[in-house]
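[1] just coords:
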């Protein structure tokens, strides 16, 4: 029994041990399973964590990318609105390192396509803000990159466009010779077999236009004419070449301008005719551009002795110029068409009628008569000559968002008429005063004086001299032409005398304009009732240096321009603000060639001769005692030479060179001038 109990205990012990061992194995297995489960959970958590990190990184990358995309969109939107100064800092931010403020990519071989686009956008915007030197440096980097790429269509296209952009920058830096040097190579690049044929033809024509313009700016009119003629033939023979209105008009007006300077008026006439038709088609028959095209056409017709055809065309151009003056003045007085429509909806019938009556008075004041105001059909016979292809087929309008590029050449686009009118329709008209500006200035230089005197019933009409102001935008008329200006003024006075039959007509000129006024009075005394002449003498202080420069350039390069601006401006006025205003005025011109200065000098030398011929017209001469540009002794001598007995000399003790063109005009002589005009008005 005892043995059995022991066996049982032993068996139980073994069973317990086995059980315990089994339990431990189970526990170990369970522990292993738990461990593996935990590891799996941990692994899954790690994957999720990693995914989270990756998602975060992606979000950050997107967040970093979005500002650049947003910045690009903002810059492009400003550019499309032509707000170039506002767009520029945004384009710079896209390509400049924020720490060094330098372009991020300094090695041309490492550019990505995105970087190339960003650089190209920046260079383009720099061109539109006239920072051509900076733009050129970027275009040159882009050019280096594309020149190293394997031959393909994309590389060929970008090689051409980058080199063309470099040439464009040189052109706008006034380095026309360097631009011209690069363009023949651009013409070769445009012939690449890698390029699409239609693109080849378009770019070849563009390169010709740019080369012609570079030659024209160097006043090499003969060579420029050959290039522009080839471009015109290419355009008229190949209807697949589509260019903008701007470039089509440039070909016509530049070739016409070349022929005008070369004296080939018979060749210029059909070109100016086509140009006028182009402008009328695009802008209508009262647009200022159309007026200028008609003016150029009338000049060519007159030079061809086709005066009967020229006169109605000229009169229509005058009508267009008057129309634009009338519209400007109507807006200033709150009586243009839109303002009258608004008044009809918001004001009483009496107030509206008062404004309409003022609008009628303004029309009569600007046009002179109802007949002139309605004489708008002088161009009714204007049509394309047989054998001249229409340029309309080659024109396309570029969308406003398109990049303008380094060249961005525009045809003549003057927003000013050659004559600028000031009139107050609220006061009774007493006289017409035609003004001629001085050397380096333009017709709006009389603004301060004109605004004051028109309140006294004097209608003021100021005209640009050829080579200045609005004529700078007229091909064939950008150079100083004193005799041409005399003809212009006589033509204008003839029209005004006919339109303002009941009003006295006076002529006022200052400095160079004074000499022109004396010449007109000597040649056509029947057109005017008197002359107001301010500092008209040709004798100048410290003129020896200028004469030496002119003599040297006449031998070396008579067409090279001399900067006479600093001397003329500083001796004309001591007012620093006036000096800055004059120097910064885009319509002023202070660089003239030796040939132009010689023409000016020869004209001024004849002052005394023509002053003696003024025997009928009353003359009043003004001279500033503090004038440091024109010698007062010269004015005294010229006054003595004037042939008429009805002459007056006024010496103003505190005045400098500019008297009537001073800004602001000093009011103390206004009533004296008005009194003199009234006293010499013929009934």
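    Done, it's in. Because the structure is a prediction, the values reported are computed rather than measured. Residues are numbered from 1 along each chain as shown.
[2] Can you give me the separation between the nearest residue in space to residue 477 that is not next to it in sequence and residue 465?
    Using Cβ to Cβ, 6 or more residues apart in numbering and skipping residues adjacent in sequence, the residue nearest residue 477 is residue 471, 4.6 Å away. In this view, the C-beta of every residue, glycine as well, is placed from N, C-alpha and C. Using Cβ to Cβ, to the nearest Å, we find residue 471 at a distance of 7 Å from residue 465.
[3] what does residue 256 give?
    Taking Cβ to Cβ, one finds residue 256 at 21 Å from residue 465.
[4] need the contact list for the residue nearest to residue 477.
    Contacts for residue 471 (Cβ atoms under 8 Å, 6 or more residues apart in numbering) come out as 418, 464, 465, 477, 478.
[5] hmm, try it at 10 Å
    292, 295, 412, 414, 416, 418, 442-443, 463-465, 477-481, 484-485, 488, 589 (Cβ atoms under 10 Å, 6 or more residues apart in numbering).
[6] Low-confidence regions, the stretch 551-683 of the chain specifically.
    551-558, 682-683 (pLDDT under 70).
[7] in it, which spans are strands?
    561-563, 591-593, 619-624, 647-652 (DSSP state E, counting those that start in this stretch).
[8] rewinding a little: out of the contacts of residue 471, which are inside helices?
    Among the contacts of residue 471, the ones falling in helices (DSSP state H) are 292, 295, 484, 485, 488.
[9] Neighbours of the last one, how many?
    Applying the criterion other Cβ atoms under 10 Å, we find 24 residues in the vicinity of residue 488.
[10] ok, it touching residue 464?
    Yes. Under the criterion of Cβ atoms under 10 Å, residue 488 makes contact with residue 464 at 8.7 Å.
[11] Mutual contacts of these two, please.
    Contacts common to residue 488 and residue 464, judged by Cβ under 10 Å, 6+ apart, are 418, 419, 436, 471, 477.
[12] Go through those residues and give me the one with the most neighbours.
    residue 471 (29 neighbours).
[13] Could you tell me the backbone phi and psi angles at it?
    Residue 471 adopts backbone torsions of phi -70, psi -20, taken as degrees, to the nearest 10.
[14] Do a quick rundown of the helices in the stretch 151-300 of the chain.
    Assigned by DSSP state H, counting those that start in this stretch, the stretch 151-300 of the chain shows helices spanning 153-172, 176-189, 197-217, 221-237, 245-261, 265-283, 288-303.
[15] just so I know, which of those helices lies nearest residue 584?
    helix 153-172 (18.2 Å; Cβ to Cβ).
[16] List the buried residues of the closest one.
    155-172 (16 or more other Cβ atoms under 10 Å).
[17] Looking at it now, give me its mean pLDDT.
    For helix 153-172, the mean per-residue pLDDT is 95.
[18] What is it packed up against?
    With contacts taken as 3 or more Cβ pairs under 10 Å, 6 or more residues apart in numbering; DSSP states H and E, helix 153-172 sits against helix 113-128, helix 132-147, helix 176-189, helix 197-217.
[19] Of all the residues in the last one, which ones are buried?
    Counting neighbours by 16+ other Cβ under 10 Å, one finds that the buried residues in helix 197-217 are 200-217.
[20] Next, the angle from it to helix 176-189.
    The directions of helix 197-217 and helix 176-189 differ by 160 degrees, with axes from the mean of the first three to the mean of the last three Cα atoms, to 10 degrees as the criterion.
[21] Spit out the residues that contact residue 471 and residue 465 alike.
    418, 442, 443, 480, 481, 484, 485, 488, 589.
[22] Which single one of the residues you listed is nearest to residue 305?
    residue 484 (16.8 Å).
[23] Grab the nearest non-local neighbour of that closest one.
    Nearest-residue entry for residue 484: residue 466, 4.8 Å, with adjacent residues in sequence omitted and distances by Cβ to Cβ, 6+ apart.
[24] same deal with residue 587?
    Nearest non-adjacent residue to residue 587, counting by Cβ to Cβ, 6+ apart: residue 442, 4.5 Å away.
[25] so what's that neighbour up against?
    416, 418, 420, 462-465, 468-472, 585-589, 661.
[26] again, only this time at 6 Å
    464, 468, 469, 587 (Cβ atoms under 6 Å, 6 or more residues apart in numbering).
[27] which stretches of this protein have low pLDDT?
    In the chain (pLDDT under 70), the answer is 1-68, 97-110, 239-243, 384-402, 413-414, 541-558, 682-683.
[28] ok, residue 96 - how many residues close by?
    Neighbour tally, residue 96, other Cβ under 10 Å: 16.
[29] meant to ask about residue 337, not that
    Neighbours of residue 337 (other Cβ under 10 Å): 11.
[30] Then residue 353?
    12.
[31] Now do the strands in the stretch 301-450 of the chain.
    Secondary structure of the stretch 301-450 of the chain (DSSP E, counting those that start in this stretch): strands located at 395-396, 419-422, 431-436.
[32] most packed of those?
    strand 431-436 (a mean of 25; mean count of other Cβ atoms under 10 Å).
[33] Need the residues that contact that one.
    For strand 431-436, using Cβ under 6 Å, 6+ apart, the contacting residues are 446, 458-462, 500, 503-509, 513, 516-517, 677, 681.
[34] For PyMOL, write a command that selects the buried ones of these.
    Here is the PyMOL command that picks out the buried ones among these, judged by 16+ other Cβ under 10 Å:
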select buried, resi 446+458+459+460+461+462+500+503+504+505+506+507+508+509+513+516+517+677
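[35] Which of the helices and strands packed on helix 153-172 sits closest to residue 612?
    helix 197-217 (41.0 Å).
[36] from the chain's centre, how far out does the closest one sit?
    21 Å (Cα atoms, centre = their mean, to the nearest Å).
[37] tell me what that helix is packed against?
    Helix 197-217 makes packing contacts with helix 176-189, helix 221-237 when contacts are defined by 3 or more Cβ pairs under 6 Å, 6 or more residues apart in numbering; DSSP states H and E.
[38] Go again with 7 Å.
    Applying 3 or more Cβ pairs under 7 Å, 6 or more residues apart in numbering; DSSP states H and E, one finds that helix 197-217 contacts helix 153-172, helix 176-189, helix 221-237, helix 245-261.
[39] Select, out of these, the one closest to residue 620.
    If we rank the helices and strands packed on helix 197-217 by Cβ to Cβ, the stretch that ends up nearest is helix 245-261, at 37.3 Å.
[40] So residue 509: helix, strand or coil?
    strand (DSSP: H, G, I helix; E, B strand; the rest coil).
[41] Excluding residues flanking it in the chain, which one is nearest it?
    residue 517 (3.3 Å).
[42] roughly how far apart are residue 640 and residue 647?
    On the measure of Cβ to Cβ, residue 640 and residue 647 end up 9 Å apart.
[43] Can you report how many residues lie near residue 566?
    So residue 566, with other Cβ under 10 Å, has 11 neighbours.
[44] How far off centre is stretch 85-96?
    23 Å.
[45] Ok, stretch 303-320 next?
    The answer for stretch 303-320 is 27 Å, by Cα atoms, centre = their mean.
[46] can you list contacts of that stretch?
    265-266, 269, 286, 288, 290-291, 294-295, 297-298, 301-302, 375-376, 378-379, 495 (Cβ atoms under 7 Å, 6 or more residues apart in numbering).
[47] of the residues you listed, buried ones?
    265, 269, 286, 288, 290-291, 294-295, 297-298, 301-302, 375, 378-379.
[48] Pick the one among the residues you listed closest to residue 92.
    The closest of the buried ones among the contacts of stretch 303-320, once distances to residue 92 are taken by Cβ to Cβ, is residue 288, at 36.2 Å.
[49] ok, that closest one to residue 320 distance?
    Per Cβ to Cβ, residue 288 is found 7 Å from residue 320.
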